[in-house]
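> could you look at this predicted model? Sequence included:
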Amino acid sequence: GINAEYGTDSYSTVCTAIIFRLCGSFFNMWRRFCQWTRYSNDKCRRRTIFTAQKGTNTYDVFRLFRNITSSVLLLGCAVTPLYYLLYPHTALMASSSSPSTSSSSSSSSSSSSSPSNEIKKSLPSNDIVTQKQIQREMQETHKDTLSTPVYRIVLTGGPCGGKSTAVATISDLLLELGFRVFRVPEAATLIITGTGLLPFGLQEEEGRVFEGSIMKTKIALEDIFYNIAKAGNQPAVIICDRGTMDTRAYMKNEDWEVLLDEYGWNVVDIRDKRYDAVIHLVTAAIGAEKFYTTENNTARSENLAQARELDFKVLNAWVGHPRIRIIDNSTDFQRKIQRVEEVICQIVGTPRHKGVEHKYIVSKEITPELSQKLGLKIETYQSEKTYLLKNNSSKGYDYIRRRGQGQTYTYTHSMLRLGEDDDIDFAILERSISGREFVTLSKTADPTRCTIVKRVQCFTWENVYYQLQTIIKPEIELTILKTEVEANKVIQFPSFLSIEGEITGKKEFSAYRIAKEYNDKVRDININPGHWKENNDMHNAYEKLKWKKNEE
């Protein structure tokens, strides 16, 4: 209560005073005990505490036991404030579960017990949270993330895509940038080389055990490397030669579902939460056939047709991850590796040139009937972006994002800063966080900007990864196609999408501005936000768009 009302400093002062007072009480009790001992020895030298002999003073014995009992009680009183003084964040957590909060959560106990509802219950309704409380709790929850960031990046793709060369080149680059580099070997190669078995041609049960063993080996190796990297005090990058979802490319859908159920795995956990980015290097069998070979890997036996099919399956297995980059064979091999380096620089937060991410207005989403007709694999999830108050005058903004599929969620904290040159972005931090950190940061949400909720459809087309984002809160009926490609590369849009215009770099259509423009309308349920074209700024910008039709 003291901490919640007066702040951390006053709380520490009161705890210190209590401890000094208890020290004085212990000293006084010890002085009385010594006086009683001397008195007892003078009166009866052979008398013991528990035996009342001749001349025993019964009142003195009673007073001794009274002092012992009091000392135990005082010791318990001293431990509690001392603990909260050394670990004040525990008091913060205790104060956050006050009767007002518990009463509000009990009123909503009839709702679903999903993770999103649990987080909403723990958010304060109208409580006033002091800045010192927020800073202290953020320091505690972010002490691992902010001190030693560890990035986990997957290099995947079909056989003979250049992964081994890319790993060596990336390692040298990251070491020059001041990162520690950890390279996780390919688990499949280890097991295939050791057992002499190949995933093709195995019996159903044997194949499921084989792939499950590969996947468990991947997870174990990655966890070992991650724990070692996290124990250090230097930023680190873990490069994984293939990841958990690569296993799905070698299995039937029904066998994959059985494998997940058998080991208690969840796709969102092993795909989205586990890796910060996925880089897919297209096999040389697609676009660079004359360079395709299996001689540099004894565990590789695929011909050109099998390599193409496997590359497609691997890419589809990763569809749904929030950060996929596809590196094709449109350039020579040296430039291909340089493109991988540029992506790595973007992920770890070093300066990069714009022109990689493109956004376009699309008339509508892809319907389930259309995706089924086209045979298009689509992963759909919901994303919520909340902007935070800024603590300094630097250019840029901070936001947290909750991304969910079904009842499983991932959380991200991004701190974006702009440099002096408008052509360069500085991503200081973009890391996965826990649900607890999400709740903590939510307390510093910018009250002038509403939370943006999107429904996102992810799919690949012609070796390009697309995200079709529809804003569902506020309900402004705006659908945006987002893709990341190399600069100056011509984009071949999917023929089934109706592209209305490019909005790359248009501030009027940024989520940051939309969150501020529609803040009042979202918070007032009686106000209809209306169609996005009813907004003057967005409509005027729309009329001036640079058109890029498919026929162009």
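Looks like it arrived, so ask away.

> hang on, Val181 packs against Thr169?
No - if you go by CB atoms under 8 Å, Val181 and Thr169 don't touch, sitting 11.3 Å apart. Using the backbone N, CA and C atoms, a C-beta is placed for each residue, glycine as well.

> pull the number of nearby residues for the closest residue to Pro149 other than its chain neighbours.
Distances taken as CB to CB, 6 or more residues apart in numbering place Pro235 nearest to Pro149, at 5.0 Å, with adjacent residues excluded. Per other CB atoms under 10 Å, the neighbour tally for Pro235 reads 18.

> wait, isn't Pro235 in contact with Val181?
No - with contact defined as CB under 8 Å, Pro235 does not reach Val181; the gap is 10.4 Å.

> in stretch 227-239, what's buried?
For stretch 227-239, a neighbour-count test (16 or more other CB atoms under 10 Å) marks 229, 235-239 as buried.

> same question for stretch 363-383.
365-366, 371, 376, 378-383.

> go through these and say which is closest to Gly196.
For the buried residues of stretch 363-383, the residue nearest Gly196 by CB to CB is Glu379; the value is 35.7 Å.

> against Ile366, how distant is that closest one?
Per CB to CB, to the nearest Å, Glu379 is found 12 Å from Ile366.

> same question for Glu302.
32 Å.

> spit out the residues that contact Glu379 and Ile366 alike.
Common contacts of Glu379 and Ile366 (CB atoms under 8 Å, 6 or more residues apart in numbering): 457, 459.

> re earlier: among the buried residues of stretch 363-383, which one has the lowest pLDDT?
Across the buried residues of stretch 363-383, the smallest pLDDT goes to Glu379, namely 85.

> test my guess that it contacts Gly320.
Yes - Glu379 is in contact with Gly320 according to CB under 8 Å; the separation is 3.3 Å.

> between the two, what contacts are shared?
405, 458.

> contacts for the helix or strand harbouring Ile344?
In this assignment (DSSP states H and E), Ile344 forms part of helix 333-348. By CB under 8 Å, 6+ apart, the surrounding residues in contact with helix 333-348 are 151, 153, 155, 162, 165-166, 169-170, 173-174, 177, 179, 235, 237, 276-277, 279, 281, 288, 291, 323, 325, 327, 329, 331, 351-352, 356, 427, 430, 486.

> render the CA-only coordinates of it in CSV, please.
Output of helix 333-348 as CSV, limited to C-alpha atoms (Å, rounded to 0.1, in the frame of the first residue of the first chain):
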residue,chain,number,x,y,z
PHE,A,333,25.8,-16.2,-56.7
GLN,A,334,28.0,-13.5,-55.3
ARG,A,335,25.2,-11.0,-55.4
LYS,A,336,22.8,-13.6,-53.9
ILE,A,337,25.0,-13.8,-50.8
GLN,A,338,25.2,-10.0,-50.6
ARG,A,339,21.4,-9.9,-50.6
VAL,A,340,21.5,-12.3,-47.7
GLU,A,341,23.9,-10.0,-45.8
GLU,A,342,21.6,-7.0,-46.4
VAL,A,343,18.7,-8.9,-44.9
ILE,A,344,20.8,-9.9,-41.9
CYS,A,345,21.7,-6.2,-41.4
GLN,A,346,18.1,-5.3,-41.4
ILE,A,347,17.2,-8.0,-38.8
VAL,A,348,19.9,-7.1,-36.3
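
> in it, what's buried?
336-337, 339-340, 342-348.

> confirm that Ile514 sits in a helix.
Yes - using DSSP: H, G, I helix; E, B strand; the rest coil, the assignment for Ile514 is a helix.

> what's the spacing between it and Gly396?
From Ile514 to Gly396 the distance is 17 Å (CB to CB).

> between these two, which is the more surrounded one?
More crowded of Ile514 and Gly396, by other CB under 10 Å: Ile514, with 22 against 17.

> the more buried one reaches Lys473, doesn't it?
No - applying CB under 8 Å, one finds Ile514 not in contact with Lys473, separated by 10.3 Å.

> need the overlap of contacts for these two.
Ile452.

> strands along the stretch 151-300 of the chain, start to end?
With DSSP state E, counting those that start in this stretch, the ranges of strands along the stretch 151-300 of the chain come out as 180-184, 236-241, 277-281.

> go on, the stretch 451-552 of the chain?
So, for the stretch 451-552 of the chain - with DSSP E, counting those that start in this stretch - the strands run 452-461, 464-473, 478-484, 499-502.

> ok so, going back, give the buried subset of the contacts of helix 333-348 as a PyMOL selection command.
Here is the PyMOL selection string for the buried members of the contacts of helix 333-348, based on 16+ other CB under 10 Å:
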select buried, resi 151+153+155+162+165+166+169+170+173+174+179+235+237+276+277+279+281+288+323+325+327+329+331+352+356+427+430+486
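
> what residues are up against Ile219?
244, 270.

> distance check, it against Tyr465.
25 Å.

> can you classify Ile361 as helix, strand or coil?
Once three-state DSSP is applied, Ile361 turns out strand.

> all strands for the stretch 301-450 of the chain, in order.
324-327, 352-353, 357-362, 379-387, 396-405, 408-418, 424-433.

> which residues does the first one contact?
Contacts with strand 324-327, where a contact means CB under 8 Å, 6+ apart, come from 157, 277-282, 315, 318, 336, 339-340, 343, 460, 463-465, 484.

> recalculate using a threshold of 6 Å.
When contacts are defined by CB atoms under 6 Å, 6 or more residues apart in numbering, strand 324-327 is touched by residues 278-281, 318, 336, 339-340, 343, 463, 465.

> can I get these in a markdown table with pLDDT?
Formatted as a markdown table, the contacts of strand 324-327 follow (pLDDT from 0 to 100):
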| residue | pLDDT |
| --- | --- |
| Val278 | 94 |
| Ile279 | 94 |
| His280 | 95 |
| Leu281 | 94 |
| Trp318 | 93 |
| Lys336 | 89 |
| Arg339 | 87 |
| Val340 | 89 |
| Val343 | 87 |
| Asn463 | 76 |
| Tyr465 | 83 |
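
> hmm, which two among those are most spread apart?
Of all the pairs that those form, the one spanning the most space (CB to CB) is Trp318 and Lys336, at 18.8 Å.

> and for Gln405, the neighbour number?
18.

> tell me the spacing between it and Glu379.
With distances taken as CB to CB, Gln405 is found 7 Å from Glu379.

> same deal with Gly404?
12 Å.

> how about Asn253?
Taken as CB to CB, the span from Asn253 to Glu379 is 14 Å.

> one step back: what's the closest of the buried residues of helix 333-348 to Met538?
The closest of these, once distances to Met538 are taken by CB to CB, is Gln346, at 28.1 Å.

> in stretch 305-324, what counts as buried?
Buried-residue list, stretch 305-324, by 16+ other CB under 10 Å: 307-308, 310-312, 314-324.

> got the CA coordinates for it in PDB?
Extracted in PDB, the C-alpha atoms of stretch 305-324 (Å, rounded to 0.1, in the frame of the first residue of the first chain):
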ATOM      1  CA  ALA A 305      12.800 -32.300 -60.200                       C
ATOM      2  CA  GLN A 306      12.900 -33.500 -56.600                       C
ATOM      3  CA  ALA A 307      14.900 -30.400 -55.600                       C
ATOM      4  CA  ARG A 308      12.300 -28.100 -57.100                       C
ATOM      5  CA  GLU A 309       9.500 -29.900 -55.400                       C
ATOM      6  CA  LEU A 310      11.300 -29.900 -52.100                       C
ATOM      7  CA  ASP A 311      12.100 -26.200 -52.300                       C
ATOM      8  CA  PHE A 312       8.400 -25.500 -52.900                       C
ATOM      9  CA  LYS A 313       7.300 -27.700 -49.900                       C
ATOM     10  CA  VAL A 314       9.900 -26.100 -47.600                       C
ATOM     11  CA  LEU A 315       8.700 -22.600 -48.500                       C
ATOM     12  CA  ASN A 316       5.100 -23.500 -47.900                       C
ATOM     13  CA  ALA A 317       6.000 -25.000 -44.500                       C
ATOM     14  CA  TRP A 318       7.200 -21.600 -43.300                       C
ATOM     15  CA  VAL A 319       4.200 -19.600 -44.700                       C
ATOM     16  CA  GLY A 320       2.700 -17.700 -41.700                       C
ATOM     17  CA  HIS A 321       5.900 -16.600 -40.100                       C
ATOM     18  CA  PRO A 322       5.900 -12.800 -39.600                       C
ATOM     19  CA  ARG A 323       9.300 -12.300 -41.200                       C
ATOM     20  CA  ILE A 324      10.200 -14.300 -44.300                       C
END
